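Student: Take this sequence and fold it.
(chains A and B)
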2 protein chains.
Amino acid sequence: MQSFIPPKRTLMGPGPSDVSPRILEAMARPTIGHLDPAFQVLMDEIKELLRYVFKTENKLTFPVSAPGSAGMETCFANLVEKGDKVIVCVNGVFGNRMVENVVRCGGEAIVIQDEWGTPVSINKLEEELKANPDAKIVAFVAAETSTGVASDTKALCALAEDYNCINIVDAVTSLAGIELDVDGWGIDAIYSGSQKCLSCPPGISPVSFSERAVKIIKDRQTPVQSWFMDLNLVMGYWDDTGGRSYHHTAPVNAMYALHESLLVVKEEGLENSWKRHADLSQKLRDGFAEMGISYLVDKKHALPQLNTIIIPDHITDEAAIRTRLLNEHNLEIGAGLGALAGKVWRVGLMGHAASQENVDKCLKAFKAVMN
Amino acid sequence: MQSFIPPKRTLMGPGPSDVSPRILEAMARPTIGHLDPAFQVLMDEIKELLRYVFKTENKLTFPVSAPGSAGMETCFANLVEKGDKVIVCVNGVFGNRMVENVVRCGGEAIVIQDEWGTPVSINKLEEELKANPDAKIVAFVAAETSTGVASDTKALCALAEDYNCINIVDAVTSLAGIELDVDGWGIDAIYSGSQKCLSCPPGISPVSFSERAVKIIKDRQTPVQSWFMDLNLVMGYWDDTGGRSYHHTAPVNAMYALHESLLVVKEEGLENSWKRHADLSQKLRDGFAEMGISYLVDKKHALPQLNTIIIPDHITDEAAIRTRLLNEHNLEIGAGLGALAGKVWRVGLMGHAASQENVDKCLKAFKAVMN
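Tutor: Next up, the predicted model:
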């Protein structure tokens, strides 16, 4: 057995996205201890940078030492207690995963279904809020990675607030790719992933919690069922008011990479990053249009960072096309997931991968393999 | 804010240990997708290498995509159901963490306490097994990271078996540092960490489960309370019999590093690695003896990879000594944890850090700061 030398791909699937050499280089710096004073400085800077990309002043803003799914579970495991009613708006795979989380935390999930490829319905949510005055939480996915749809996070959070519910928002694919304003929109609990529009290697999940959410966590009647994810313990580890207490061992080098990726976003400017994603997505869309390829999602709800295109009728073996893109062009795109398997492809333009070069490369490769 | 350039330390604490440039270089290779066929090859090789270092044929052997604490929780959350009786042998911090896990999974923890700095008592375990014929699981720490003690894993597992209990073994610090034989000793569930004697950056937890443990997990009456850690789902992700199913997004670059670190162990040979740790620990011990520094743990139970030394009486500010080691010699050692805080220091000789050069460096630095 030999050292593993990965092929050099262009990552235009639903994530991970292309990681720039600058971030890989940061990740390879010498490991230090997680209790080293120098690491404490890194942790403080990461929290400050995360507050910038989330647009929040939330004190409890930090990266969970595990992938986005663990970030999701961190939100549910800490905020849901046995018997709590949670309204979950489902319009794709990750909404269903939220339902799984609610049930496993002993909560009662009130599920609202919207068609895959459409945004979460505000009217349906209002009906359920009226019908369930004892609901405690509203949960939804801001940017569904399985369909490429953006929902109206601001309006959904405002509506939940009108009915005295806190909210849990999945921003795995949205963070740094489209507008997101944690404080401005009144988001209570939010999680993301390192490997989407931050263009960091996968494995880390940035999260943020409002004061209101923190109070609920501190006032819980029962312990959080997960020791690893219990924020009452993790807060002490990421605390910056002195007296940092040992919890687990942070993934030190992954934190170097996250820090560097956040710095890249800060240097570009968050709004500029959103605009770059929008502009390049338009170019990709124009190119696909020329090829007669259409989108699953109405343009006004479509995510620029994840372009879900309908597989043309004449393609009888869609997997073969993806294999050719990978083998002949080193281009990774995403297959359809769940109900959309075999019906769509998902073409990501996330973070470092959202470049003119990649748009050109992608269109050229599609032209070559679709002939 | 600038890129983070860590200081260059020598890591001789309780972990993370020094990571060799070879492994850091592997970690910095270009990210590929976690569904890429090339990544599947990597996963298969990692499983094969993990079976080698664990000495097992267990099919369910893979790295959890999160730190050692999540590996611990993966074992308990999957094997413990509400009401299950679990005998936990506690002789340090990590035994207590096991108790926390049992309780949070709804199990009943029967706790056996042994003095910190001594191994788990086989006699006490036998008494509790006799007193609790309905116990389902025996759990203990093979190598207590908080005290530097090795327990007799082989004997403890055999005893549990005599009373029809399965076992859960913490091998976070032991793996690749001292003898460990998962199949030979009849271990049912075991977890470790990447950042100890494998000398990989922290963040990944190798685990392995016997057929008997897998059957229990598959036959559970209730769902595993954690979605992220549910092995019934994770098994499908790490499956190598075709039909790999999406679960979470694996931390791709961390897996490159793990693969390389396992390859390093394989190249040296597992038994040679154990011997190197033992030999260098003896040299360190001789050096400390010359300085009049004694060990907390009886030599026959002391871990070579984690040397717990008693802070001499004349040292009135032990933290100041550690700070001087760090600032003047770039040497990290570990403080005492829990009941041993302020009483001992923990000097690691783990993996790549277990070298003659480090032994010399460490003794020289101690001599300089203890004067």
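Student: mind saving the C-alpha coords of the helix ranked longest in chain A as PDB?
Tutor: Criterion DSSP state H: the longest helix present in chain A is helix A:270-290. Taking C-alpha atoms only, helix A:270-290 is exported to PDB below (Å, rounded to 0.1, in the frame of the first residue of the first chain):
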ATOM      1  CA  LEU A 270     -19.200  39.300   2.200                       C
ATOM      2  CA  GLU A 271     -21.400  41.300  -0.200                       C
ATOM      3  CA  ASN A 272     -18.800  41.000  -3.000                       C
ATOM      4  CA  SER A 273     -18.800  37.200  -2.400                       C
ATOM      5  CA  TRP A 274     -22.600  37.100  -2.800                       C
ATOM      6  CA  LYS A 275     -22.400  39.200  -5.900                       C
ATOM      7  CA  ARG A 276     -19.700  37.000  -7.400                       C
ATOM      8  CA  HIS A 277     -21.800  33.900  -6.900                       C
ATOM      9  CA  ALA A 278     -24.800  35.600  -8.500                       C
ATOM     10  CA  ASP A 279     -22.900  36.900 -11.500                       C
ATOM     11  CA  LEU A 280     -21.200  33.700 -12.300                       C
ATOM     12  CA  SER A 281     -24.300  31.700 -11.900                       C
ATOM     13  CA  GLN A 282     -25.900  33.900 -14.500                       C
ATOM     14  CA  LYS A 283     -23.100  33.200 -16.900                       C
ATOM     15  CA  LEU A 284     -23.500  29.400 -16.300                       C
ATOM     16  CA  ARG A 285     -27.200  29.700 -16.800                       C
ATOM     17  CA  ASP A 286     -26.800  31.600 -20.100                       C
ATOM     18  CA  GLY A 287     -24.400  28.800 -21.200                       C
ATOM     19  CA  PHE A 288     -26.800  26.000 -20.300                       C
ATOM     20  CA  ALA A 289     -29.600  27.900 -22.000                       C
ATOM     21  CA  GLU A 290     -27.600  28.000 -25.200                       C
END
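Student: Next, count neighbours for residue A:118.
Tutor: Using other Cβ atoms under 10 Å in any protein chain shown, residue A:118 is surrounded by 17 other residues. The C-beta positions use only the backbone N, C-alpha and C, and glycine is treated the same way.
Student: quick one: contacts for it?
Tutor: Contact analysis of residue A:118 by Cβ atoms under 8 Å, 6 or more residues apart in numbering or on different chains lists A:91, A:149, A:297, A:298, A:301.
Student: Domain map for chain A?
Tutor: Chain A breaks down by automatic domain parsing into domains covering A:10-15+A:270-370, A:21-266.
Student: Buried deepest among those domains, which one?
Tutor: The highest average neighbour count among those, using mean count of other Cβ atoms under 10 Å in any protein chain shown, belongs to domain A:21-266 at a mean of 22.
Student: Identify all contacting residues around the longest helix of chain A.
Tutor: A:52-53, A:55, A:176-179, A:197, A:265, A:268, A:294-295, A:299, A:302-305, A:307, A:309, A:347, A:349-351, A:354-356, A:358-359, A:362-363, A:366.
Student: on that earlier part again, possible to save the domains of chain A as a markdown table with distance to residue B:19 and mean pLDDT?
Tutor: What follows is the domains of chain A, written out as a markdown table (distance: least, Cβ to Cβ, whole Å; pLDDT from 0 to 100):
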| stretch | distance to residue B:19 | mean pLDDT |
| --- | --- | --- |
| domain A:10-15+A:270-370 | 25 | 97 |
| domain A:21-266 | 4 | 97 |
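Student: Any chance of TSV for the ones you listed, columns distance to residue B:44?
Tutor: Formatted as TSV, the domains of chain A follow (distance: least, Cβ to Cβ, whole Å):
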stretch	distance to residue B:44
domain A:10-15+A:270-370	18
domain A:21-266	19
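Student: The ones you listed: which one's closest to residue B:141?
Tutor: domain A:21-266 (15.2 Å; Cβ to Cβ).
Student: So for residue A:257, what's the nearest residue that isn't a sequence neighbour?
Tutor: residue A:27 (3.9 Å; Cβ to Cβ, 6 or more residues apart in numbering or on different chains).
Student: Am I right that residue A:45 is in a helix?
Tutor: Yes - assessed by DSSP: H, G, I helix; E, B strand; the rest coil, residue A:45 belongs to a helix.
Student: Which residues are in contact with it?
Tutor: By Cβ under 8 Å, 6+ apart, the neighbours of residue A:45 are A:259, B:1, B:4.
Student: So it versus residue B:31, what's the distance?
Tutor: Using Cβ to Cβ, to the nearest Å, residue A:45 is found at 23 Å from residue B:31.
Student: Let's verify residue A:111: helix, strand, or coil?
Tutor: Under three-state DSSP, residue A:111 comes out as strand.
Student: and it, how far is that from chain B?
Tutor: 16 Å (Cβ to the nearest Cβ, to the nearest Å).
Student: Assess the claim that that residue and residue A:85 are in contact.
Tutor: No - Residue A:111 sits out of contact with residue A:85 when judged by Cβ atoms under 8 Å, with a separation of 11.5 Å.
Student: Strands of the stretch 101-250 of chain A, start to end?
Tutor: In the stretch 101-250 of chain A, the segments counted as strands under DSSP state E, counting those that start in this stretch are A:108-113, A:137-141, A:143-144, A:149-150, A:166-170, A:189-191, A:205-209.
Student: Report all helices and strands that the fifth one contacts.
Tutor: When contacts are defined as 3 or more Cβ pairs under 8 Å, 6 or more residues apart in numbering or on different chains; DSSP states H and E, strand A:166-170 sits against helix A:68-79, helix A:93-104, strand A:137-141, helix A:153-162, strand A:189-191, helix A:211-218.
Student: what packs against the helix or strand residue A:261 falls within?
Tutor: For residue A:261, the element it lies in under DSSP states H and E is helix A:252-268. If contacts are counted by 3+ Cβ pairs under 8 Å, 6+ apart, helix A:252-268 sits against helix A:21-27, helix A:37-54, helix B:252-268.
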